[in-house]
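Novice: Below are the sequence and a predicted model; questions follow.
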Amino acid sequence: MDLTTIDHVLTSTRSVRKRLDLDRPVEPEIIQECLEIAIQAPTGSNQQGYHFVVVTDPEKRAAVAEHYRNAFMIYAGMRAASPHSYESDDPRAESAPQVASSAMYLADNMARVPALILPCIDGRVENSDSTLTQASLYGSILPATWSLMLALRARGLGSSWTTLHLMFEKEVAEILSIPDDVTQAALLPVAYFTGEDFKPARRIPARERTYWDTWGASEA
């Protein structure tokens, strides 16, 4: 097993927005190949209740994108009213302006992205009666969603994990005829990416958030 290649894919799979190639079509067979890889991810009790809605029809993409942009504007207004405050040496402070700019770009151009993929799961999270069942429901689709992003990345395609459209989940479900008893988990815009490669992002080191045996306790 080539750990160098695997580690590179894991550490350089970014949320791609401005570098999505909006003019190059994405072959359906590549998307399907990546989905077949993604479903090897674990599902609760091996129920395999996953579904994936791939949206390539221009009119439907535009309709979904309109709801996404409306949700983004609501979210942006909330962020402006209550902005995050970071210390100067916090890596999130450095990247915040770039993230905001690229997020706005994606909201403005979502309709132009060649393919939108909505990972879904059987069941409704609001019908879950405990943290356990909620975690099991999302835990049965989110691993496959991340695996999908990795498989796309390995084939020269970029994607971005978004969830803002869930402000209008019912409206999007109506556009795409998604049944009422199915939960949408995310919305991935998918396209080939421009440029050569990506590099690891600056993160708060895991060692600063890792506790051994007791919360707050560092390794002995």
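Specialist: The structure has been received and is ready for your questions. This one's a predicted model, so the numbers in the text were calculated from it and none came from an experiment. Residues are numbered from 1 along each chain as shown.

Novice: count of residues packed around the nearest residue to Ala115 once chain neighbours are set aside?
Specialist: Nearest residue to Ala115 in three dimensions, chain neighbours excluded: Val190, at 4.4 Å (Cβ to Cβ, 6 or more residues apart in numbering). In short, each C-beta sits where N, CA and C put it, glycine included. When counting by other Cβ atoms under 10 Å, one arrives at 26 neighbours for Val190.

Novice: Can you show me the strands along the chain?
Specialist: Counting by DSSP state E, the chain has strands at residues 50-55, 115-122, 157-159, 182-184, 188-192.

Novice: which helices and strands does the last one pack with?
Specialist: Counting contacts by 3 or more Cβ pairs under 8 Å, 6 or more residues apart in numbering; DSSP states H and E, the secondary-structure elements packed against strand 188-192 are strand 115-122, helix 142-154, strand 157-159.

Novice: Is it possible to get CSV of these that adds mean neighbour count, distance to Asp90 and mean pLDDT?
Specialist: Compiled in CSV, the helices and strands packed on strand 188-192 are given as follows (neighbours: other Cβ atoms under 10 Å; distance: least, Cβ to Cβ, whole Å; pLDDT from 0 to 100):
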stretch, mean neighbour count, distance to Asp90, mean pLDDT
strand 115-122, 22, 31, 98
helix 142-154, 20, 25, 98
strand 157-159, 27, 26, 97
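
Novice: got CSV for the ones you listed, with distance to Arg14 too?
Specialist: As requested, the helices and strands packed on strand 188-192 are exported to CSV (distance: least, Cβ to Cβ, whole Å):
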stretch, distance to Arg14
strand 115-122, 17
helix 142-154, 8
strand 157-159, 8
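
Novice: between these, which gets nearest to Met1?
Specialist: Closest of these to Met1 is helix 142-154, at 14.4 Å (criterion: Cβ to Cβ).

Novice: Compare the strands of the chain and give me the one nearest Ala201.
Specialist: strand 157-159 (14.3 Å).

Novice: What is that closest one packed up against?
Specialist: helix 142-154, strand 188-192.

Novice: quick one: it to chain centroid distance?
Specialist: Between the centre of strand 157-159 and the centre of its chain there are 11 Å (Cα atoms, centre = their mean, to the nearest Å).

Novice: Spell out which residues sit in contact with Pro28, please.
Specialist: 54, 56 (Cβ atoms under 8 Å, 6 or more residues apart in numbering).

Novice: Could you check the pLDDT of it?
Specialist: If you check Pro28, the pLDDT there is 98.
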